[in-house]
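1. The following block contains a protein sequence and its predicted model.
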Amino acid sequence: MRLEISCQDRLGITQDVLDILVAHEIDLRGIEIDPTGKIFLNFPNIEFADFQHLMPKIRRIQGIDDVKTTLFMPGEREKKQLLAILRTLPDPVFSIDTRGQILMCNEAVTSGLEMAYAEIGGSDISELVKGFNFHRWMENDDVQPQSSKVKFIQQDYLADMLPITVADEENNVIMAGAVVMLKSEMRLGQQFSAFHQPQTDSFDHFVTVSSAMARTVKEAKQVADLDAPIVIFGETGTGKEMIARACHNASRRQSAAFLALNCASLPDSVAETELFGYGPDTYNQQEARPGLLEQAKGGTLLLDEVADMSSQLQAKLLRVLEDGEFRRVGERDPVPVDVRFICTTCRDLGQLVEEGRFRKELYYRLNVLSLIMPSLKERRQDIVSLAESFIQQHSAKLGRRPAKLSKSCVDFLLQYPWPGNVRQLQNALYRALSLLDGNELTKEDIQLPSCAPSVTYIDENFEGTLDEEVKKFEKDLLRRLYPSYPSTRQLAKKLGLSHTAIANKLREYGINKATVKL
């Protein structure tokens with residue numbers, strides 16, 4: 001039990017409180033007096049009858065204003081706060097006494113050494129951190145903070161040594177120990193880069209270990225500050241909008257708005273008003289409403305999945321590009337356009353033009369500059385670096401230390417086909433970290449739909465007809481895609497077929513939620 005006693009500053013008041021505890025034969029575990037003069041007592045739980053007698057007696061002491069129970073002592077709270085801070089720090093931290101013995105360390109130390117705290121506590125810090133004489137440093141008459149290069153777990157670190165001092169009764173400074181904080185070369189490099197990072201350098205957060213992604217980012221930097229439209233091609237989840245934002249942030253339009261219109265998710269009437277806005281007294285609204293073309297003035301407008309734009313809206317957008325102006329719905333006065341268009345699509349616009357499903361004139365107006373976002377299968381060298389980056393980001397959001405990737409997990413991530421690309425990798429790691437108990441991610445922690453290996457070439461001596469082999473290929477392809485596109489409409493859209501045709505094929509091959517693991 002813990003008591004918080006509010007009292008006046010009177011000589012002997014603490015002794016009066018202690019005399020009552022002695023009279024009740026209560027074993028006192030601790031006593032603290034905070035700067036405001038409050039007295040905090042910590043003693044074992046007592047019987048309710050004894051408690052009823054104890055509280056009134058303390059309240060009757062001259063100078064006592066109030067007595068109440070409290071959940072913790074000030075020292076306990078400070079210790080818990082310190083432990084919470086230490087636990088979340090990614091860098092190894094030690095607290096040592098004047099003899100160099102370890103009194104406390106954080107999880108970065110225990111996980112790095114792969115030892116329990118009980119095995120580390122009480123050890124001499126010189127046994128773990130090499131290259132600096134802690135004893136000589138603390139024996140100096142005037143101990144000052146110091147930095148030194150050291151070795152920890154056979155790796156180079158920069159150590160910051162901070163002395164801990166207390167004052168005696170005569171206000172003389174006494175050495176009580178020190179805090180030792182280690183930073184690896186990689187961490188120092190990250191912090192230095194972050195400190196000197198220009199805000200406009202918007203491409204540095206892309207992982208470009210692979211040549212395919214390095215080429216895309218290089219091309220994006222070259223076209224970012226041009227004012228011509230860009231079309232960004234790439235599969236779902238490759239980061240098309242992300243690189244579109246980077247192009248905007250690296251352009252002379254960066255101080256203006258970056259707005260987006262999803263061409264696939266809105267019906268024509270809504271998409272038109274979103275894009276052009278409407279005048280007063282339209283749709284029973286008294287006030288005019290500007291559309292995205294006006295709101296993005298001086299900036300960039302992203303047309304997401306432009307291939308899904310209706311033919312009617314395509315015609316109106318073509319007119320905007322040709323005339324450099326537009327009219328709000330319900331108005332006649334033209335409004336000048338000052339935006340840069342960036343479009344994204346996961347479909348082959350050239351093929352759609354040949355099929356008459358996308359206007360040829362609009363295609364040539366938009367496809368002045370183009371970028372191709374490679375799929376994750378085309379940039380496997382980036383997978384581990386991407387995974388480590390996502391682990392850092394997700395761990396910060398979840399308030400936990402970043403987990404390590406086991407060898408089995410790395411092998412699995414590299415072998416998986418990733419039909420959902422970078423977005424699928426990011427989501428899979430977030431789920432795994434949210435449910436993770438330890439500090440290491442294994443293959444079993446990553447929950448993903450099973451995907452069969454890619455179809456190989458057919459042996460020239462195969463038995464069967466061409467039709468049979470085509471059906472085998474078709475069935476295998478549908479089984480591999482179905483977990484990522486479990487809706488027949490989604491799958492039909494992905495393969496460029498009608499909903500009815502896909503539904504018939506799934507029925508023919510017995511592919512459904514009961515037969516395929518999602």
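-> Received the coordinates, thanks.
2. To what extent is Asn512 buried, counted in neighbours?
-> As a burial measure, Asn512 scores 12 neighbours (other CB atoms under 10 Å). Quick note: C-beta positions are derived from backbone N, CA and C, even for glycine.
3. Nearest spatial neighbour of it, chain-adjacent residues omitted?
-> Distances taken as CB to CB, 6 or more residues apart in numbering place Leu506 nearest to Asn512, at 6.6 Å, with adjacent residues excluded.
4. check contacts around that neighbour.
-> Applying CB atoms under 8 Å, 6 or more residues apart in numbering to Leu506 gives the contacts Leu478, Tyr482, Thr488, Leu491, Asn512.
5. Tell me, how many residues neighbour the second one?
-> By that I understand Tyr482. Neighbours of Tyr482 (other CB under 10 Å): 24.
6. Okay, it and Ala220: tell me how far apart.
-> For Tyr482, the distance to Ala220 (CB to CB, to the nearest Å) stands at 34 Å.
7. cool, and the fourth one?
-> As defined by CB to CB, Leu491 lies at a distance of 31 Å from Ala220.
8. what do you get for the third one?
-> With distances taken as CB to CB, Thr488 is found 36 Å from Ala220.
9. ok, back up a step: farthest pair in the contacts of Leu506?
-> Leu491 and Asn512 (11.8 Å; CB to CB).
10. helix or strand for the residue nearest the centre of the chain, which one?
-> Residue closest to the mean C-alpha point of the chain, counted by CA atoms, centre = their mean, is Gln393 at 2.9 Å. For Gln393, the host element (DSSP states H and E) is helix 383-398.
11. What are the buried residues along that helix?
-> Going by neighbour count (16 or more other CB atoms under 10 Å), the buried part of helix 383-398 is Ile383, Val384, Leu386, Ala387, Ser389, Phe390, Ile391, His394, Ser395.
12. Also stretch 206-219?
-> Phe206, Val207, Thr208, Ser210, Ala212, Met213, Ala214, Thr216, Val217.
13. Ok, stretch 469-480 next?
-> Buried positions in stretch 469-480, judged by neighbour count with 16+ other CB under 10 Å: Lys475, Leu478, Arg479, Arg480.
14. So Leu41, which state does it fall into?
-> Of the three states, Leu41 takes strand under DSSP: H, G, I helix; E, B strand; the rest coil.
15. which residues touch the residue lying closest to it once chain neighbours are set aside?
-> Nearest in space to Leu41, with sequence neighbours left out and distances taken as CB to CB, 6+ apart, is Leu3 at 4.5 Å. Leu3 is in contact with Ile39, Phe40, Leu41, Ile58, Val67, Lys68, Thr69, Thr70, counting by CB under 8 Å, 6+ apart.
16. top of these by neighbour count?
-> Neighbour max across the contacts of Leu3 (other CB under 10 Å) = Leu41, 23 neighbours.
17. Report pLDDT for that one.
-> pLDDT, Leu41: 86.
18. who does it bridge with?
-> Beta-bridge partners for Leu41, by DSSP bridges, are Leu3, Ile31.
19. Where do the strands of the stretch 51-200 of the chain begin and end?
-> All strands of the stretch 51-200 of the chain, identified by DSSP state E, counting those that start in this stretch, fall at 64-69, 93-96, 102-105, 129-130, 146-152, 155-167, 173-184.
20. Most tightly packed of those?
-> Per residue and on average, the most neighbours among the strands of the stretch 51-200 of the chain fall to strand 93-96, with a mean of 22 (mean count of other CB atoms under 10 Å).
21. ok, back up a step: tell me the one among the buried residues of stretch 469-480 nearest to Cys105.
-> Nearest to Cys105 among the buried residues of stretch 469-480 is Arg480, at 48.5 Å by CB to CB.
22. Against Arg347, how distant is the closest one?
-> With CB to CB as the criterion, Arg480 and Arg347 are 20 Å apart.
23. And His103, how far from Ile120?
-> For the record, residue 103 is Leu, not His. Applying CB to CB to Leu103 and Ile120 gives a distance of 10 Å.
24. nope, Gln8 is what I was after
-> Per CB to CB, Gln8 is found 46 Å from Ile120.
25. Kindly report the same for Arg10.
-> Arg10 sits 46 Å away from Ile120, going by CB to CB.
26. These two: which has the busier surroundings?
-> Comparing Arg10 with Ile120 by other CB under 10 Å, the one with more neighbours is Ile120, at 18 against 13.
27. Give me the below-cutoff pLDDT ranges for the chain.
-> 48-50, 81, 84-85, 87-88, 190-201, 281-286, 451-464, 514, 516-518 (pLDDT under 70).
28. tell me which residues in whichever strand or helix holds Leu313 are buried?
-> Secondary structure from DSSP H and E places Leu313 in helix 311-323. Neighbour-count burial for helix 311-323 flags Leu313, Gln314, Lys316, Leu317, Leu318, Val320 (criterion: 16+ other CB under 10 Å).
29. any chance of these in JSON lines, with distance to Val22 too?
-> JSON lines is the format used below for those (distance: CB to CB, whole Å):
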{"residue": "Leu313", "distance to Val22": "87"}
{"residue": "Gln314", "distance to Val22": "91"}
{"residue": "Lys316", "distance to Val22": "90"}
{"residue": "Leu317", "distance to Val22": "88"}
{"residue": "Leu318", "distance to Val22": "94"}
{"residue": "Val320", "distance to Val22": "89"}
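30. with the residues you listed in mind, which one is nearest to Ala264?
-> Nearest member of these to Ala264, counting by CB to CB, is Leu313, at 11.7 Å.
31. Thought Val270 was touching that closest one, still the case?
-> No. Here Leu313 lies out of contact with Val270, judged by CB atoms under 8 Å, at a distance of 10.6 Å.
32. the domain parsing of this structure - what is it?
-> Listed domain ranges for the chain are 2-75, 89-190, 211-372, 376-445, 449-518 (source: automatic domain parsing).
33. can you redo those domains as JSON lines with distance to Leu83?
-> JSON lines is the format used below for the domains of the chain (distance: least, CB to CB, whole Å):
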{"stretch": "domain 2-75", "distance to Leu83": "13"}
{"stretch": "domain 89-190", "distance to Leu83": "8"}
{"stretch": "domain 211-372", "distance to Leu83": "38"}
{"stretch": "domain 376-445", "distance to Leu83": "14"}
{"stretch": "domain 449-518", "distance to Leu83": "41"}
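34. Quick one, which of those gets closest to Leu82.
-> domain 89-190 (8.2 Å).
35. ok now that closest one, how far from the chain's centre?
-> 31 Å (CA atoms, centre = their mean, to the nearest Å).
36. what does stretch 313-329 give?
-> The answer for stretch 313-329 is 39 Å, by CA atoms, centre = their mean.
37. Alright, calling it a day.
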